[in-house]
Structure formats: C-alpha cells, structure tokens
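Engineer: Pasting a predicted model and its sequence here:
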Amino acid sequence: MPLEFEGTISEHLACRNSCAMFDVSHLGTVRLSDREAADRVQNTLTNDLGKIKPGQAQYTHLLNVDGGVLDDIIVWWHHTGVIDVMPNASNTESVRNALGGDDITTTRAVIALQGPAAREIAVLVCPSFGTVDRFRVKEVVWNGAECTVAGTGYTGEAGVEISIPTSHASDLWQAFAKAGATPAGLGARDTLRLEAGLPLHGQELGPEITPLQAGLGWVVAFDTEFTGKDALLAEKTAGVPRRLVGIGTDSRRPPRTGNPIISDGQQIGLVTSGNFSPMLQRGIAMGFISGDLTIGDPVSIDIRGSEVPGHIVKMPFV
C-alpha cells in the first residue's frame, strides 16, 4: 500500500463520505486450527474469548510479563472453529511464538472496504459480502475463491475486511474499484484512525505501555488468566503513572509525534500521534500526560518551539 494514490485528504474524505478501500495485506495472519486453539487464546490474550462465539471477532492484547502491550490484535473466530489471529505486521512472529499456529500471511491478501457506502458497494461485487455485520465473521465464496469476511476495520467507519487467496486479490481490488470504491493509502489510513481515536502499536501502545495507561482497560478481563495479569493488577491498585488523552488545537498546524505537551508552563507529556484533521480542519493529537487534567482543560503543544494552544477533548475526535 502506497502512502497515497491521488492524495491523502481526498482519500480520507472519500472514506468519511462514501467508500475507500485499503490493501492491508501487510498485516499478519496466524491461523490456529487445533482443538486447543480457543483455550490458548483465552489463557494468553487479555480479553475474554468467552464473550464471543464462532462467527464473531474480538479486539484483544498480547502482553509481556510486565503488562506492556507486545501487540494489539483482532481475533477472527470461524464457524468451523478455526481462529485467525491478526497481529500487526512486525509482530507476527512474536504472536506465533506465544500462541503456536501457522503463519499464513503470504497465502492471502486482505482488502478493507470502509465508509458509509462500504456495504452498498460490497453488495455490488458479492451480495454475501454485505451480510456481515459489525464484528461478525463469515466464510464466503467469490469467483471460486474461499474468502473470510469480517465486519472489522481501522477507520471508525462501517465496513468489512476481506481475506482472499492471493491469486484472486487483484481481481477483487479491480471489482471494488469498478463498483465505486476509492483506493486509499497509508496516509489516509493514519489520519482516519487518529480522528477515530484508535491506537497505533509503537505509538499509543508498546512493550513499555500498558492497556490501563492507554485507556483500554475494557480489553482486559481480570477474571481470566493471561500473560501479564499480575503486573496489571498491581498497576490497577497503585494507579497509572500516565494516561492517554486527546487534544484538539486551535490551529491548522499539525502536531507531530514527540512534541511536548505543556500545562501552566510545565511539560506534562508528549504527543504520540498528531496530524491535521481533514474533518475538523484543525490539528489533533493523542499523547500521554501526567497529572489530573480533565476534558476541557487548556494545554498547549510545542511545535518547533512555538506553543500552539488547545484543550483536552473527549475521543474519538470524529
């Protein structure tokens, strides 16, 4: 996937207003197909797999023993009992080492169709694509290819993600384009997930960042067993030393990763992700701060030596 096809802002707006498609084949897929697959997922990852059943998807985390996030993951649970664990690309091997299974990343492509018109366009290509609801998983045959379709995404919009054998991927991409989907690149994918307040591993999540610090305690089922549970319980009791917040600025200047966050003349944190919001027409950012500031409180972001004023805001931004 390139940074952009025709332009990041036009691709971003296509996703918000109609439909964009992303080639996310670089993401990993680890397939668990033995009888113990569900038990291993339940006893290793943070969320409670018992909250869902075959035919559904779930967001979850893989932690280290210190409670840091080694990866954030989408689990696709097939009706057949097979579980596809979908890690970030660079973390695929770590996830496979933790859970076992087979790395099938190179055998399939994944196309994400996202936006308010995504299902309408999906139906034009294959009626069954449009029947997959949010966080549901379904096996569909398209042009002789066995596909897995999930109602998941990374833009804050409705849509589906379709895993298809590599041999048929180009044909599906062209079919979606003919039906009216706008090809979109990494630039729009990042501005969309930022507006939606979705974390990126390596920025809002990482081995030194816990789910509790990132405001993702809902991903942690403390009544189950998982790697890193003891460390998270200790942090829950003691309180988090920092927390992730959203900041809306009063300027069009885009904040960037590493910019200092200032309150009352003192640095209280750093921006983890920042950019210009095409929908809000101003700068937005996520970052970790110390202290007890709350929504509406003023802060500023130091952008190349110039303090840009803003406020703590509730996420998602859009």
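Structural biologist: Everything's here; your move.
Engineer: I'd say residue 161 and residue 109 touch.
Structural biologist: No. Shown here, residue 161 and residue 109 do not form a contact pair, counting by C-beta atoms under 8 Å, at 10.8 Å. (Glycine included, C-beta is placed from N, CA and C.)
Engineer: Between these two, which is the more surrounded one?
Structural biologist: Legend: neighbour count by other C-beta atoms under 10 Å for residue 161 and residue 109, higher for residue 161 (25 against 21).
Engineer: Any idea what the more buried one is bridged to?
Structural biologist: Taking DSSP bridges as the rule, residue 161 bridges to residue 112, residue 150.
Engineer: From residue 204, how far off is residue 317?
Structural biologist: Residue 317 sits 14 Å away from residue 204, taking C-beta to C-beta, to the nearest Å as the criterion.
Engineer: the more surrounded of these two?
Structural biologist: Legend: neighbour count by other C-beta under 10 Å for residue 317 and residue 204, higher for residue 204 (23 against 20).
Engineer: Return the distance of the more buried one relative to residue 302.
Structural biologist: When distance is defined by C-beta to C-beta, residue 204 is 19 Å away from residue 302.
Engineer: One more: residue 30?
Structural biologist: Counting by C-beta to C-beta, the gap from residue 30 to residue 302 is 41 Å.
Engineer: And these two? Which one has more around it.
Structural biologist: residue 30 (23 against 17).
Engineer: And the helices in the stretch 151-300 of the chain, which stretches?
Structural biologist: For the stretch 151-300 of the chain, helices defined by DSSP state H, counting those that start in this stretch occupy the ranges 166-179, 186-195, 229-238.
Engineer: Now mean neighbour count too, for those helices, in JSON lines please.
Structural biologist: Output for those, formatted as JSON lines (neighbours: other C-beta atoms under 10 Å):
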{"stretch": "helix 166-179", "mean neighbour count": "16"}
{"stretch": "helix 186-195", "mean neighbour count": "23"}
{"stretch": "helix 229-238", "mean neighbour count": "14"}
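Engineer: Out of these, which gets nearest to residue 250?
Structural biologist: For these, distance to residue 250 was read as C-beta to C-beta. The smallest value, 17.2 Å, belongs to helix 186-195.
Engineer: Give me the packing partners of that closest one, helices and strands only.
Structural biologist: In terms of contacts (3 or more C-beta pairs under 8 Å, 6 or more residues apart in numbering; DSSP states H and E), helix 186-195 is packed against helix 8-17, strand 266-277, strand 282-289.
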